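Peer 1: next comes the sequence, and after it the predicted model I'd like to discuss.
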Amino acid sequence: MKKKYRILIINPKADATAIALYENEVPIFEQSIIQEDTKGYSAVSLQAPDRTKKILDFLLSEGINLSKINAVAGRGGLLKPIKGGTYMVNNEMLEDLRAGERGEHASNLGGIIAADIASGLNIPAFIVDPVVVDELDDVARISGYPLISRKSVFHALNHKACGRRAAMELGKRYEDCHFIVAHLGDGITIGAHKQGRVIDVNNGLNGEGPFSPERAGSLPHGDLIDLCYSGKYSYKEMKEQLLYHAGISGYLNKKNLSQLEEGVKDGSEQDELIFRALAYQVAKEIGSASTVLSGQIDAIILTGVMAYSHLLVDEIVKRTNWIADVFTYPGENDMQSLANGCLRVLRGEEQAKEYTHKVGKQESELYG
């Protein structure tokens with residue numbers, strides 16, 4: 001009989017904190033705790049005490065025995081580039097999360113809150129596969145312009161969880177497989193997974209790959225430079241345009257794929273064109289990733305919230321199933337993925353990694 005481990009999961013969002021309690025792989029409950037007045041803080045990290053108190057108050061109100069919890073797992077934030085895996089939250093990690101030097105984001109609170117709760121219970125706190133996981137091959141870092149290196153920022157938690165799930169279904173180890181994983185969400189990231197490492201992936205946040213519901217993806221840089229210096233937009237406005245007012249939203253003033261599909265079903269030619277362009281760009285990026293793996297691919301994996309769309313999945317599959325079989329795992333499954341990463345360490349299947357301030361050659365070249 002497997003030993004039972006109880007794990008508290010912390011996944012901070014911009015205006016709420018998603019929490020869950022797992023007993024081994026089984027969720028006991030999930031809850032979203034609304035966080036009001038997030039704009040009243042000068043730094044995201046300063047929200048941690050209030051969010052922690054609300055979580056503990058909720059657990060006590062539900063009669064949860066805190067002494068039965070074996071570990072706390074938080075969503076990883078914008079840290080230094082690190083290899084994939086489960087990391088123990090230590091003082092060096094907390095310093096970087098609180099400083100927010102690589103960006104102010106709600107995910108930075110995951111490790112901070114996990115450590116706050118875990119320290120009071122004298123149990124370990126972990127993060128799992130944060131967005132800064134960097135396993136790129138050196139050749140993939142070359143952008144074509146010496147002052148700019150390609151960076152690895154992607155949906156690492158869901159990418160690797162889906163890779164492990166597909167490997168299990170194939171009766172193999174993730175570390176022995178070659179996958180192409182396409183996370184189709186608010187941002188789209190498509191990675192080439194080679195024997196447990198994501199050796200190439202587009203930066204879906206800062207302008208690579210397909211457009212998404214709100215993001216622009218890759219753009220012709222000559223035209224983009226002209227627009228930046230046109231005087232029409234400030235630096236901040238330009239950033240907001242490309243991150244929140246581009247993609248489906250920019251073309252059609254529609255915020256999500258569901259609204260776009262409704263237009264397609266209603267016979268709108270413009271909606272159908274943008275829909276086909278979305279599927280086309282995703283398939284094109286998958287085809288590009290297939291060359292990275294020299295065509296040796298165990299499976300293509302489609303995941304993320306847009307993978308719930310049968311219409312979109314069918315359109316992508318038509319263009320890519322000649323490369324490899326296509327597996328579809330809709331949604332993000334962040335809470336389950338955090339619990340699984342924590343369990344691998346608690347069960348001794350994987351050793352927890354240590355985060356360090358030490359900056360190696362790779363970090364220096366990437367961030368100066």
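Peer 2: Right, received. Where do you want to start?

Peer 1: contacts, neighbours, all on C-alpha from now
Peer 2: Will do.

Peer 1: lowest-scoring secondary structure element of this structure by mean pLDDT?
Peer 2: Every helix and strand in the chain was compared by mean pLDDT, DSSP states H and E; the lowest is helix 361-367, with a mean of 41.

Peer 1: in terms of pLDDT, where does Met1 sit?
Peer 2: With respect to pLDDT, Met1 scores 69.

Peer 1: CA atoms only for the helix or strand Phe179 falls within, dumped as PDB, please.
Peer 2: According to DSSP states H and E, Phe179 maps onto strand 178-184. Output in PDB follows, covering the C-alpha atoms of strand 178-184 (Å, rounded to 0.1, in the frame of the first residue of the first chain):
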ATOM      1  CA  HIS A 178      10.800  12.700 -28.300                       C
ATOM      2  CA  PHE A 179       7.600  14.900 -28.200                       C
ATOM      3  CA  ILE A 180       6.300  18.100 -29.700                       C
ATOM      4  CA  VAL A 181       4.100  19.800 -27.100                       C
ATOM      5  CA  ALA A 182       1.800  22.700 -28.100                       C
ATOM      6  CA  HIS A 183       0.200  24.600 -25.200                       C
ATOM      7  CA  LEU A 184      -2.700  26.500 -26.700                       C
END
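
Peer 1: beyond it, next helix or strand please.
Peer 2: Using DSSP H and E, the first helix or strand after strand 178-184 is strand 188-194.

Peer 1: and for whatever helix or strand comes next after that following strand, what's in contact with it?
Peer 2: Using DSSP H and E, the helix or strand that directly follows strand 188-194 along the chain is strand 197-201. Residues outside strand 197-201 that contact it (Cα atoms under 8 Å, 6 or more residues apart in numbering): 84, 134-137, 140, 152, 154, 175, 189-193, 289, 292.

Peer 1: in the helix or strand following strand 197-201, what's buried?
Peer 2: Sequence-wise, the next helix or strand downstream of strand 197-201 (DSSP H and E) is helix 221-228. Neighbour counts over helix 221-228 (16 or more other Cα atoms under 10 Å) mark no residue as buried.

Peer 1: contacts for helix 221-228?
Peer 2: Contact with helix 221-228 is made by Ser234, Tyr235, Met238, as judged by Cα under 8 Å, 6+ apart.

Peer 1: out of those residues, who has the most neighbours?
Peer 2: Counting neighbours by other Cα atoms under 10 Å, Met238 leads the contacts of helix 221-228 with 15 neighbours.

Peer 1: hey, where'd the helices end up in the stretch 201-350 of the chain?
Peer 2: 221-228, 235-244, 247-252, 257-265, 269-292, 310-320, 334-346 (DSSP state H, counting those that start in this stretch).

Peer 1: still on that earlier bit, what sits up against the strand holding Phe179?
Peer 2: Contacts of strand 178-184 (Cα under 8 Å, 6+ apart): 155, 158-159, 162-163, 188-195, 212, 282, 286, 289-290, 293, 296-307.

Peer 1: for stretch 157-177, same thing?
Peer 2: With Cα under 8 Å, 6+ apart as the test, stretch 157-177 has contacts from 128-131, 179, 181-183, 191, 193-197, 297-299, 301, 303, 327, 329, 332-334, 337-338.

Peer 1: for Ile188, which non-adjacent residue is closest in space?
Peer 2: Counting by Cα to Cα, 6 or more residues apart in numbering, Gly204 is the residue found nearest to Ile188 once chain neighbours are left out, at 5.4 Å.

Peer 1: please give me every residue in contact with that neighbour.
Peer 2: Val153, Phe154, Gly187, Ile188, Thr189, Pro210, Gly217.

Peer 1: which one of the residues you listed is nearest to Tyr22?
Peer 2: The shortest approach to Tyr22 among those belongs to Phe154, at 25.5 Å (Cα to Cα).

Peer 1: I figured that closest one was touching Asn206, is that so?
Peer 2: No. Taking contacts as Cα atoms under 8 Å, Phe154 lies outside contact range of Asn206: 10.2 Å.

Peer 1: ok, those two, which is more surrounded?
Peer 2: Phe154 (24 against 17).

Peer 1: next, the more buried one: phi, psi?
Peer 2: Main-chain torsions, Phe154, degrees, to the nearest 10: phi -160, psi 180.

Peer 1: for Lys4, same thing?
Peer 2: Lys4 adopts backbone torsions of phi -90, psi 130, taken as degrees, to the nearest 10.

Peer 1: which pLDDT value goes with it?
Peer 2: pLDDT recorded at Lys4 is 95.
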